[in-house]
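Novice: Build me a model:
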Amino acid sequence: MTDALDSNKIVVEFIQANLDKAFAIGAGQLKGARNLIRSKFERTYTTYVSRLLERHSKAKSFFVRSEPIPLYDFFVPLDLRTQRRVLASPGAAEIASVSRFAILTGSGGSGKTMVMRHILISALSDRTKTPVFLELRQLDLTDGTQMGSTLMKAILS
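Specialist: Prediction:
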């Protein structure tokens, strides 16, 4: 072996000869990981959506206070007014088309929570976004924690 070893040439030839094998091994590992992640995600997501619907698709109404009844047995869709226009009986997609952020205001008992439940169900039905429904009145800010950290804890729980 009088010729000097050309390490660059050896590396290139080795990689070219074995690249397809390496990718085949890696693809098999990635496919298994992908399937595992997908399975866990589907279970978690199914549980989350089921719990959302179970909790928010029924409510006690002014007329029937004894037990929760399906929301759409008594809910009357309302028109929402923005600074520029009126949205007739909007769902999540229509509201999102106006702005990524919205504040729903009204006096006590005017139906804000019921409208939010309607928008939540609409978002689930449209399958375009993953809604997070959090009633701010349920946050506990009495221990001196900041609103942002309390919001994040509530969202993650």
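
Novice: where's the spatially most central residue of the chain relative to residue 120, distance?
Specialist: Closest residue to the average C-alpha location of the chain: residue 130 at 2.4 Å, with CA atoms, centre = their mean. Residue 130 sits 11 Å away from residue 120, going by CB to CB, to the nearest Å. The C-beta positions use only the backbone N, C-alpha and C, and glycine is treated the same way.

Novice: Break the protein down into its domains, please.
Specialist: Per automatic domain parsing, the domain ranges recorded for the chain read 1-56, 57-157.

Novice: Residue 82 contacts residue 98, doesn't it?
Specialist: Yes. Using CB atoms under 8 Å, residue 82 is in contact with residue 98, at 5.5 Å.

Novice: Of those two, give the one with the bigger neighbour count.
Specialist: Using other CB atoms under 10 Å as the criterion, residue 82 and residue 98 rank with residue 98 on top: 15 against 12.

Novice: does that one really touch residue 87, like I thought?
Specialist: Yes. Using CB under 8 Å, residue 98 is in contact with residue 87, at 7.0 Å.

Novice: The protein: strands as residue ranges?
Specialist: With DSSP state E, the ranges of strands along the chain come out as 58-59, 69-70, 80-81, 86-87.

Novice: hey, which of these is tucked in deepest?
Specialist: Highest mean neighbour count of those: strand 58-59, a mean of 16 (counted as mean count of other CB atoms under 10 Å).

Novice: quick one, what contacts residue 53?
Specialist: Shown in contact with residue 53 (CB atoms under 8 Å, 6 or more residues apart in numbering): 121, 124.

Novice: swap in residue 124?
Specialist: Applying CB under 8 Å, 6+ apart, we find residue 124 in contact with 49, 52, 53, 131.

Novice: Distance check, residue 35 against residue 41.
Specialist: 11 Å.

Novice: Flag the shaky bits of the chain, pLDDT-wise.
Specialist: For the chain, the stretches with pLDDT under 70 are 1-7, 10-11, 14-18, 22, 140-141, 143-149, 157.

Novice: Would you map the helices across it?
Specialist: Using DSSP state H, the helices of the chain run over residues 7-56, 92-98, 112-126, 147-156.

Novice: possible to save these as TSV with distance to residue 68?
Specialist: Below are the helices of the chain laid out as TSV (distance: least, CB to CB, whole Å):
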stretch	distance to residue 68
helix 7-56	10
helix 92-98	22
helix 112-126	11
helix 147-156	22
